[in-house]
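A.B. asks: got a predicted structure plus its sequence, pasted below:
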Amino acid sequence: MATETLAGAAQDAGHQAAAHVALGLVDQLPLLLVLAPFCAAPLIVLIGVRRLSWALAYGAVTASFVMSIFVLMRVIGGDVISYHLGGWAPPLGIEYRVDSANAFVLFLVTGIATVVMPYARVSILAEMGERHLTLFYACFLLCFTGLLGVAITGDAFNVFVFLEVSSLSTYVLIAAGAERDRRALTAAYDYLIMGTIGATFFVIGLGLLYMATGTLNMADIADRIADQTGNRTVRAAFAFIVVGIGLKAAIYPLHLWLPNAYTYAPSAVTVFLAATATKVAIYVLMRFMFSVFQPEYLFEVKTLEFIILPLAILAMFAASLIAVFQTDLKRLLAYSSLAQIGYMLLGIGLLSETGLTAAIAHLFNHGITKAALFMGVGALVLRYGNSFCDRIAGAGKTMPWTSAAMVIGGLSLIGVPGTAGFVSKWVLVQAALEAGWWPLAILIVFSSLLAVIYVWKMVEALYLSQPAEDIVVHEAPMAMLVPLWIMAGACIWFGLDTDLTLGASISAAKGLIEGSAGMADVAGLVVR
Amino acid sequence: MAVDWVEYVIGHLNYWLFTTLMMTGLYIVVAKGNFVKKIIGLNIFQTSVFMLYISMGKVTGGTAPIFPLDMNIDPNVVYSNPLPHVLILTAIVVGIATTSLGLALIVRIREEFGTIEEEDILLIETAMSAEETRLHGGTMGGRA
């Protein structure tokens, strides 16, 4: 296998691309990262020992996490790793291309999974029983593999394949919630229908792109459609891809699968999906909008300005408003997720480097924030049986640690200074002002006020309500508290120390906004 | 004029068929209340994409992309493009997986709900959430 390191700017990439680097294990990391969970999944089923299944899954996830840190360290300065599968050079062979944007997403996905696993062991056992544990963890790993693959690959068709690997296992994971509530089954079924329609739209888009270019490598496509601005096939491809991925990312009017799926899935699954799945879809959206299609295209600018931006604002307000009226905390947070996806889309829609920085930073910050909140809700579900506001009333006294962590997550969700949510919203407001659209900045602040209402609703239930007298509960088990507090701590840590998040986001945004040109150059060099 | 029009339709015949199948499939998914019928619609929808890809690989006058055993390839022979077919092989596998998973879910839904009609299930779910509202209060803290 041949691995080539493409250093920084495209001009000096040429010299390095020609030289084949010796094949150390480090050079194989981009592949091993995906391969570890992918191999562990069937292994778990084959071994079939319930106790071992969790340990194996945890081992694979941790291995991926460590590898993703290495990969992130290598590319954070602006380098690009181009890994050729089986030594077949792109554009004919499949290429894994890692730059700061997807290394950061990989870091988020693997990091969340590593923290969720210990949490899942207790939570899943309580919510699902022991019967299907091996199959559950196998599905979890496949879902994880799919998300990693979507993020890392530089081959457009590979995105579809991995997308379906993760989607199919996600349907199963959501349906696993049927042990607790049978509506999980219909939620999974709805998601299956909508997810498949989305994925099929995406393939149609890819087919049209292939017709226009005759290649599937993203960089190569970008290169070849650069001069086809008026081509209607390319425009149709863009529309199909945006709608298809939009369904996966739950862009506002395409979100109908999300609230039920998040509400009825097992708590650990909700944590994982809310923190990673939609984020990866948003990343794919950015990758296609900025690296494959050119932002200079008039139709793309129009799409962003007249479709994505209004929908983002609609999501921010409508979803927040719906969240305010929910009685189930899990559903409340699901709707708030939709609103937060609106912020990311807003960053993308502003079509500037600052906007993209905000989108990527928010993608990460919202990931950890929602993970903390949903973990807290999962702990409440474990002790109280469900997460209705009146049921968990007074949990601040009976489960002080869980409640405190949830409040931190809530503050980060609102965007209070000192928390992760503030950092990305601040950059987003900056981006709006930079674009000269000051009403947008005001809208961002107003929609954050809506977040205050629904977070306050949560705080009120936890701290200010009288507990029902017949319920006696105690604090959540350590295995759940520790991951919860790691996430809550991360919310504060990344709110104070923004080197990693903003550094990676700025570098990623730079790569994306210059992306089309940069990718095309590099691709041209790789071909030789 | 009329000839142009006919040529336009016949020249893009595969696209017309693709569009028709796609719309048929989508319509079934949206309009039918029976869960199995929805899955069938989804299948038709996916099949339309297979057709798009497979017709894409056809090169006019091209033959099957199979090289002779002795690898003496005649440069005058035009081969069709095999890549879209290979891609769609993957998509077919995905389609089968989706269909089987969907059907498995339907079996479980039937076990739990006793029906696979969307309307009936909607009724049951509405009743369930009404019960939840009664137990835990509706919106606005149970006062509205």
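C.D. replies: Sure, I can see it.

A.B. asks: give me the neighbour count for B:Val6.
C.D. replies: 10 (other C-beta atoms under 10 Å in any protein chain shown). (C-beta placed from N, C-alpha, C; glycine too.)

A.B. asks: no wait, A:Ser507
C.D. replies: A:Ser507 has 22 nearby residues by other C-beta under 10 Å.

A.B. asks: sec struct for it, please.
C.D. replies: Here A:Ser507 is recorded as helix under DSSP: H, G, I helix; E, B strand; the rest coil.

A.B. asks: if I look at the spatially closest residue to A:Lys279 that is not a sequence neighbour, how far off is chain B?
C.D. replies: When the adjacent residues along the chain are set aside, A:Lys279 lies closest to A:Leu363, with 4.9 Å between them (C-beta to C-beta, 6 or more residues apart in numbering or on different chains). For A:Leu363, the distance to chain B (C-beta to the nearest C-beta, to the nearest Å) stands at 26 Å.

A.B. asks: element containing A:Leu363, please.
C.D. replies: Taking DSSP states H and E as the definition, one finds A:Leu363 inside helix A:353-384.

A.B. asks: check contacts around A:Thr354.
C.D. replies: A:427, A:430-431, A:434, A:509 (C-beta atoms under 8 Å, 6 or more residues apart in numbering or on different chains).

A.B. asks: what's the neighbour count on B:Val30?
C.D. replies: 11.

A.B. asks: moving C-terminal from the host helix or strand of it, which element do we reach first?
C.D. replies: In this assignment (DSSP H and E), B:Val30 forms part of helix B:13-31. Counting by DSSP H and E, the next helix or strand C-terminal to helix B:13-31 is helix B:35-57.

A.B. asks: elements contacting that following helix?
C.D. replies: helix A:183-213, helix B:13-31, helix B:83-113 (3 or more C-beta pairs under 8 Å, 6 or more residues apart in numbering or on different chains; DSSP states H and E).

A.B. asks: rounded mean pLDDT for that helix, please.
C.D. replies: Across helix B:35-57, pLDDT averages out at 93.

A.B. asks: how far does the helix or strand of chain B with the lowest mean pLDDT sit from the chain's center?
C.D. replies: Taking mean pLDDT, DSSP states H and E as the measure, chain B has helix B:2-11 as its least confident helix or strand, at a mean of 83. How far helix B:2-11 lies from its chain's middle: 29 Å, per C-alpha atoms, centre = their mean, to the nearest Å.

A.B. asks: quick one: contacts of that helix?
C.D. replies: Residues from elsewhere that reach helix B:2-11 (C-beta under 8 Å, 6+ apart): B:Trp16.

A.B. asks: neighbours of residue 112, just the number please.
C.D. replies: No chain in the question, so chain A it is. A:Ile112, neighbours per other C-beta under 10 Å, totals 29.

A.B. asks: the intended chain is chain B.
C.D. replies: Quick note: B:Glu112 (other C-beta under 10 Å) scores 17 neighbours.

A.B. asks: wait, A:His84 sits on A:Arg97?
C.D. replies: No. In this structure A:His84 lies outside contact range of A:Arg97 using C-beta atoms under 8 Å: 9.9 Å.

A.B. asks: enumerate the residues of the stretch 251-400 of chain A near chain B.
C.D. replies: A:325-328, A:388-391 (C-beta under 8 Å from any C-beta of the partner chain).

A.B. asks: neighbour-wise, which of the residues you listed leads?
C.D. replies: Counting by other C-beta under 10 Å, top hit in these: A:Thr327 with 24 neighbours.

A.B. asks: list phi and psi for that residue.
C.D. replies: Phi and psi for A:Thr327, reported as degrees, to the nearest 10, are phi -100, psi -20.

A.B. asks: look up how far A:Ala103 lies from A:Asn158.
C.D. replies: Plainly put, A:Asn158 is 17 Å away from A:Ala103 if you go by C-beta to C-beta, to the nearest Å.

A.B. asks: what of A:Leu163?
C.D. replies: When A:Leu163 is compared with A:Ala103 (using C-beta to C-beta), they lie 19 Å apart.

A.B. asks: give me phi/psi at A:Arg97?
C.D. replies: phi -120, psi 120.

A.B. asks: isn't it right up against A:Val159?
C.D. replies: No. Using C-beta under 8 Å, A:Arg97 is not in contact with A:Val159; the gap is 11.6 Å.

A.B. asks: please enumerate the shared neighbours of those two.
C.D. replies: A:Thr153.

A.B. asks: contacts only, for the residue of the stretch 1-150 of chain A found nearest chain B.
C.D. replies: Across the stretch 1-150 of chain A, the shortest distance to chain B (C-beta to the nearest C-beta) belongs to A:Leu92, at 9.6 Å. Listed by C-beta under 8 Å, 6+ apart, A:Leu92 has no contact partners.

A.B. asks: SS state for it?
C.D. replies: A:Leu92 - assigned by three-state DSSP - is coil.

A.B. asks: A:Val472 now?
C.D. replies: coil.

A.B. asks: what separates it from A:Gln466, distance-wise?
C.D. replies: With C-beta to C-beta as the criterion, A:Val472 and A:Gln466 are 15 Å apart.

A.B. asks: kindly report the same for B:Phe45.
C.D. replies: Applying C-beta to C-beta to B:Phe45 and A:Gln466 gives a distance of 53 Å.

A.B. asks: the residue nearest to A:Ser320 when sequence neighbours are not counted: helix or strand, and which one exactly?
C.D. replies: Closest residue to A:Ser320 in three dimensions, ignoring its sequence neighbours and counting by C-beta to C-beta, 6+ apart: A:Leu450, at 3.7 Å. Per DSSP H and E: A:Leu450 is located in helix A:438-459.

A.B. asks: from the contact counts, what lies against that helix?
C.D. replies: Partner elements for helix A:438-459 (3+ C-beta pairs under 8 Å, 6+ apart): helix A:320-324, helix A:329-349, helix A:400-414, helix A:420-434.

A.B. asks: relative orientation of it and helix A:420-434 in degrees?
C.D. replies: 160 degrees (axes from the mean of the first three to the mean of the last three C-alpha atoms, to 10 degrees).

A.B. asks: most packed of the helices and strands packed on helix B:35-57?
C.D. replies: With neighbours taken as mean count of other C-beta atoms under 10 Å in any protein chain shown, those reach their highest mean count in helix A:183-213, at a mean of 24.

A.B. asks: next helix or strand past it?
C.D. replies: Taking DSSP H and E, what comes next after helix A:183-213 is helix A:218-224.

A.B. asks: tell me which residues in that next one are buried?
C.D. replies: For helix A:218-224, a neighbour-count test (16 or more other C-beta atoms under 10 Å in any protein chain shown) marks A:218-224 as buried.

A.B. asks: just the mean pLDDT for it, thanks.
C.D. replies: 88.

A.B. asks: with stretch A:283-298 instead?
C.D. replies: 86.

A.B. asks: ditto for stretch A:185-196
C.D. replies: Here the average pLDDT along stretch A:185-196 is 95.

A.B. asks: one more: stretch A:146-160?
C.D. replies: Mean predicted confidence for stretch A:146-160 is 94.

A.B. asks: can you give me the end-to-end span of that stretch?
C.D. replies: 10 Å (C-alpha to C-alpha, to the nearest Å).

A.B. asks: report the buried residues of stretch A:229-245.
C.D. replies: A:233-245.

A.B. asks: which residues sit in contact with the nearest residue to B:Ile109 once chain neighbours are set aside?
C.D. replies: Of all residues not flanking B:Ile109 in the chain, A:Leu185 sits nearest, at 4.8 Å (C-beta to C-beta, 6+ apart). Listed by C-beta under 8 Å, 6+ apart, the contact partners of A:Leu185 are A:175, A:178, B:105, B:108-109, B:112-113.
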